[in-house]
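> Got a sequence here, can you model it:
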Amino acid sequence: MPPAEALNPNPNNTMKPLNVETKPPSNGHLAPPPEDAPATTKSALYAYRKIILVASIAIGLQFGWALQLSLLTPYVQLLGIPHKYAALVWLCGPISGMIVQPLVGYYSDRCTSRFGRRRPFIAGGAAFILVAVFLIGFAADIGHAAGDDLSKPSKPRAISVFVVGFWILDVANNTLMGPCRALLADLSGTSQKKTRVANSFFSFSLAVGNVLGYAAGSYSGLYKIFPFTRSQACDVYCANLKSCFLIAITLLLFFASIAIYYVTERPISADGKFVAGTGDGDEEDDEVEEKSAAVAPPPTACGGVPFFGELFGAMANMKKPMIVLLMVTALNWIGWFPFFLYDTDFMGREVYGGVSNGGTAAELRMYARGVRVGALGLLLNSVVLGFASLGIETFSRWAGGANRLWGFVNFILAGCLGLTVLVSKLADSNRQYGVGGVLLGPTAGVQAAALLLFAVLGIPLAVAFSVPFALTSIFCNEAGAGQGLSIGVLNLSIVIPQLVVSLLAGPWDALFGGGNLPAFVVGAIASACSGLLALTMLPSPSPEAVGKVAVGGFH
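Numbers count the residues shown, from 1 in each chain. Sure thing, here's the model as predicted:
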């Protein structure tokens with residue numbers, strides 16, 4: 001699943017800014033400034049309110065994504081998929097990143113719906129997420145109703161429902177996220193101040209969604225708020241997961257509905273021109289529209305080279321700095337993706353000594369407890385990431401350039417992934433047992449060490465979510481290339497390693513006796529190589545240029 005591109009005026013392939021308006025309030029909500037305020041002040045405040053509404057959609061979206069990262073790999077194993085095949089479920093991420101994102105960007109620019117270019121995709125994405133959440137949350141119940149035997153460790157019908165829901169969720173996330181960013185770019189126009197505000201609020205919303213999602217995933221009693229979630233086929237872990245996703249979809253539908261209702265778009269006609277007579281009287285917006293030529297290639301005139309052809313054409317003509325950047329990024333994500341796949345599974349399996357399927361009641365209980373503690377570790381990771389992202393420009397200056405900063409933190413990533421082996425060995429050698437040999441949790445020192453690793457990884461993650469996108473933007477400006485096209489090329493250097501890791505991580509782990517450590521060790525080696533390459537071959541722009549680019553997110 002590719003990371004969310006840093007917000008820019010053309011974030012997803014061909015998505016180009018389009019002027020957007022807001023419905024005049026009829027019930028006191030989103031009230032404009034007083035009539036005696038200066039016209040420019042009124043218009044600016046009104047525009048910022050629209051930006052906040054659209055950026056808030058990311059809270060619900062990222063809440064669900066945090067649950068997906070922390071809970072779903074363990075859950076699919078609880079349903080009966082062996083550990084070595086669990087990563088294959090995540091193949092939908094890189095595949096949808098390579099196909100869905102560019103297609104949504106392409107057709108979003110050319111959408112002639114009377115509701116605008118972006119809102120139909122936002123509404124459609126939210127609707128598909130609702131369907132996906134239902135399938136994932138109720139997979140065990142649907143599987144049992146279809147004939148799954150609860151006494152057997154594997155539930156094939158529940159697994160089938162879950163996998164379908166998982167893939168729909170991933171495609172829907174990409175369908176929704178790209179147009180949200182594009183709508184923010186539409187609202188920002190060419191104003192650098194509005195773009196910075198949009199970046200800030202979007203990043204803030206992602207952080208809030210992350211923290212809330214991981215907090216919900218770490219709480220074991222959430223199902224008590226929704227007692228109907230527990231059933232014969234759905235145990236406490238399953239009921240908690242179901243409750244978390246019910247909260248996620250409620251948040252998403254709430255924020256998306258408000259944004260879709262209040263923030264309207266001026267539709268375009270088949271020839272790419274604004275449709276007359278659909279505004280709300282905003283003079284500043286009208287002035288922007290009058291200066292706009294054809295805002296997008298019209299649907300009837302799309303005979304140019306398709307985006308994928310442009311993408312591979314751009315790769316054939318890349319300059320050396322961009323080639324090195326793609327190599328560093330690819331190695332970096334070979335390091336990151338095993339952690340994203342197995343972070344909470346590592347906590348439940350290696351640290352807490354539990355098993356995901358086929359063990360004793362105590363081992364299953366320890367695994368579920370470890371997964372919840374892993375979600376707490378991801379919450380700490382998000383908090384550190386948020387604070388670290390505020391200092392990217394300062395850190396770049398201290399390090400002597402963005403390339404050196406990225407190189408240094410990649411060695412931190414390599415060290416943390418390598419230290420998972422030490423933490424696992426300490427946990428195993430200090431395993432505690434109660435009366436009758438019942439497995440107990442790890443020592444306080446082992447728990448603290450594991451949580452510290454999760455938290456420290458927030459520092460290199462903040463850099464990974466910002467510096468590559470900043471450097472891509474800068475290098476493509478220097479080469480005179482298109483922003484959207486260059487981000488698309490960078491996206492390939494992220495999703496292709498994810499595809500490789502999804503295919504090979506499980507069998508590689510099984511080759512060395514199971515568990516997550518072999519994939520982590522490979523990730524550590526790749527991260528060290530990435531750091532070395534960044535320090536020795538990657539050119540660096542000024543820290544100020546890097547600091548102007550917003551933090552992205554993992555999608």
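> Mind checking the pLDDT average for the longest helix that the chain contains?
Ordering each helix of the chain by length in residues (DSSP state H) puts helix 156-188 first. When pLDDT is averaged over helix 156-188, the result is 88.
> For it, what is the distance to the chain centroid?
Here helix 156-188 is found 10 Å from its chain centre; the criterion is C-alpha atoms, centre = their mean, to the nearest Å.
> Okay, buried residues for it please.
Going by neighbour count (16 or more other C-beta atoms under 10 Å), the buried part of helix 156-188 is 156-163, 165-188. Quick note: C-beta positions are derived from backbone N, CA and C, even for glycine.
> Can you list the helices and strands that the helix or strand encompassing Val522 packs against?
Taking DSSP states H and E as the criterion, Val522 maps to helix 517-537. The helices and strands touching helix 517-537, judged by 3 or more C-beta pairs under 8 Å, 6 or more residues apart in numbering; DSSP states H and E, are helix 320-346, helix 402-429, helix 483-511.
> Out of these, flag the one nearest Asp109.
For these, proximity to Asp109 was assessed by C-beta to C-beta; helix 483-511 is nearest, at 9.7 Å.
> tell me which strands and helices the closest one is in contact with?
Identification of packing neighbours for helix 483-511 by 3+ C-beta pairs under 8 Å, 6+ apart yields helix 83-86, helix 92-109, helix 307-316, helix 320-346, helix 467-479, helix 517-537.
> Could you save the ones you listed as a markdown table and add columns showing mean neighbour count, mean pLDDT and distance to Val384?
Below are the helices and strands packed on helix 483-511 laid out as a markdown table (neighbours: other C-beta atoms under 10 Å; pLDDT from 0 to 100; distance: least, C-beta to C-beta, whole Å):
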| stretch | mean neighbour count | mean pLDDT | distance to Val384 |
| --- | --- | --- | --- |
| helix 83-86 | 18 | 86 | 27 |
| helix 92-109 | 22 | 80 | 24 |
| helix 307-316 | 14 | 62 | 34 |
| helix 320-346 | 24 | 93 | 14 |
| helix 467-479 | 23 | 74 | 16 |
| helix 517-537 | 22 | 95 | 18 |
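> re earlier: pull the helix holding Val522 out as CSV, backbone CA atoms only.
C-alpha atoms of helix 517-537 as CSV (Å, rounded to 0.1, in the frame of the first residue of the first chain):
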residue,chain,number,x,y,z
LEU,A,517,12.8,-11.9,12.6
PRO,A,518,14.1,-13.0,9.2
ALA,A,519,12.1,-10.3,7.4
PHE,A,520,13.2,-7.7,10.0
VAL,A,521,16.9,-8.6,9.5
VAL,A,522,16.5,-8.3,5.7
GLY,A,523,14.8,-4.9,6.3
ALA,A,524,17.7,-3.8,8.5
ILE,A,525,20.3,-4.7,5.8
ALA,A,526,18.2,-2.8,3.2
SER,A,527,17.9,0.2,5.4
ALA,A,528,21.6,0.3,6.1
CYS,A,529,22.3,0.2,2.3
SER,A,530,19.7,2.9,1.8
GLY,A,531,21.4,5.1,4.4
LEU,A,532,24.9,4.5,2.9
LEU,A,533,23.6,5.4,-0.6
ALA,A,534,21.9,8.6,0.7
LEU,A,535,25.0,9.8,2.3
THR,A,536,27.4,9.1,-0.6
MET,A,537,25.4,9.6,-3.8
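> what about that helix, distance to the chain center?
Worked out by C-alpha atoms, centre = their mean, helix 517-537 lies 22 Å from the chain centre.
> What angle do helix 483-511 and it make with each other?
Angle, helix 517-537 to helix 483-511, by axes from the mean of the first three to the mean of the last three C-alpha atoms, to 10 degrees: 140 degrees.
> now the strands: where do they sit in the stretch 251-400 of the chain?
Taking DSSP state E, counting those that start in this stretch to define them, one finds strands in the stretch 251-400 of the chain at 263-265.
> right, and the helices and strands packed on helix 483-511 - which one's nearest Ala414?
Nearest to Ala414, of all the helices and strands packed on helix 483-511, is helix 517-537, at 3.9 Å by C-beta to C-beta.
> what residues does the closest one touch?
Residues outside helix 517-537 that contact it (C-beta atoms under 8 Å, 6 or more residues apart in numbering): 324, 327-329, 331-332, 334-339, 341-342, 346, 350, 403-404, 406-411, 413-415, 417-418, 420-421, 424, 501, 505, 508-509, 511-512.
> One more pass at 6 Å, please.
When contacts are defined by C-beta atoms under 6 Å, 6 or more residues apart in numbering, helix 517-537 is touched by residues 324, 328, 331-332, 334-335, 338, 403, 406-407, 410-411, 413-414, 417-418, 420-421, 505, 508-509, 512.
> same deal with stretch 145-153?
Here stretch 145-153 makes contact (C-beta under 6 Å, 6+ apart) with Gly80, Lys155, Arg157, Ala158, Asn357, Gly358.
> give me every residue that touches the fifth one.
What that stands for is Asn357. Here Asn357 is in contact with Gln77, Pro153 (C-beta under 6 Å, 6+ apart).
> swap in the fourth one?
Ala158 makes contact with Leu79, Ala139, Ala140, Gly143, Asp148 under the criterion C-beta under 6 Å, 6+ apart.
> Go again with 10 Å.
When contacts are counted by C-beta atoms under 10 Å, 6 or more residues apart in numbering, Ala158 touches 76, 78-80, 138-146, 148, 150, 233-234, 238.
> What of the third one?
Arg157 is in contact with Leu79, Ala139, Ala140, Ile142, Gly143, His144, Ala145, Ala146, Gly147, Asp148, Asp149, counting by C-beta under 10 Å, 6+ apart.
> What sits closest to it if chain neighbours are left out?
Leaving aside its chain neighbours, Arg157 sits nearest to Gly143 (3.9 Å; criterion: C-beta to C-beta, 6 or more residues apart in numbering).
> Same question for the last one.
The shortest distance from Gly358 to any residue other than its chain neighbours is 4.8 Å, reached at Pro153 (C-beta to C-beta, 6+ apart).
> The fourth one too?
The shortest distance from Ala158 to any non-neighbouring residue, by C-beta to C-beta, 6+ apart, is to Gly143 (2.7 Å).
> Can I get the one helix or strand that neighbour maps to in CSV, CA atoms only?
Using DSSP H and E, Gly143 sits within helix 139-146. Taking C-alpha atoms only, helix 139-146 is exported to CSV below (Å, rounded to 0.1, in the frame of the first residue of the first chain):
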residue,chain,number,x,y,z
ALA,A,139,-16.4,-12.0,8.4
ALA,A,140,-16.5,-14.5,11.2
ASP,A,141,-20.3,-14.3,11.6
ILE,A,142,-20.9,-14.5,7.9
GLY,A,143,-18.5,-17.5,7.6
HIS,A,144,-20.2,-19.3,10.5
ALA,A,145,-23.6,-18.7,8.9
ALA,A,146,-22.2,-20.1,5.7
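> Domain parsing of this protein, as residue ranges.
For the chain, the structural domains run 11-22+40-302, 305-555, going by automatic domain parsing.
> among those domains, where is the model least confident on average?
When I compare these, domain 11-22+40-302 is least confident, with a mean of 81.
> which residues touch the nearest residue in space to Asn381 that is not next to it in sequence?
Distances taken as C-beta to C-beta, 6+ apart place Gly458 nearest to Asn381, at 4.4 Å, with adjacent residues excluded. Residues counted as contacts of Gly458 (C-beta under 10 Å, 6+ apart) are Leu378, Leu380, Asn381, Ser382, Val383, Val384, Leu385, Gly386, Phe387, Ala388, Ser389.
> I figured the last one hits Ala470, correct?
Which is Ser389. No - contact criterion C-beta atoms under 10 Å: Ser389 and Ala470 do not qualify, at 11.8 Å.
> And Phe138, its phi and psi?
phi -100, psi 20 (degrees, to the nearest 10).
> burial count for it?
Neighbourhood size, Phe138 [other C-beta atoms under 10 Å]: 23.
> Helix or strand for the closest residue to it other than its chain neighbours, just tell me which one.
Among residues not flanking Phe138 along the chain, Lys242 sits closest, at 7.0 Å (C-beta to C-beta, 6+ apart). Element membership for Lys242, per DSSP H and E: helix 236-262.
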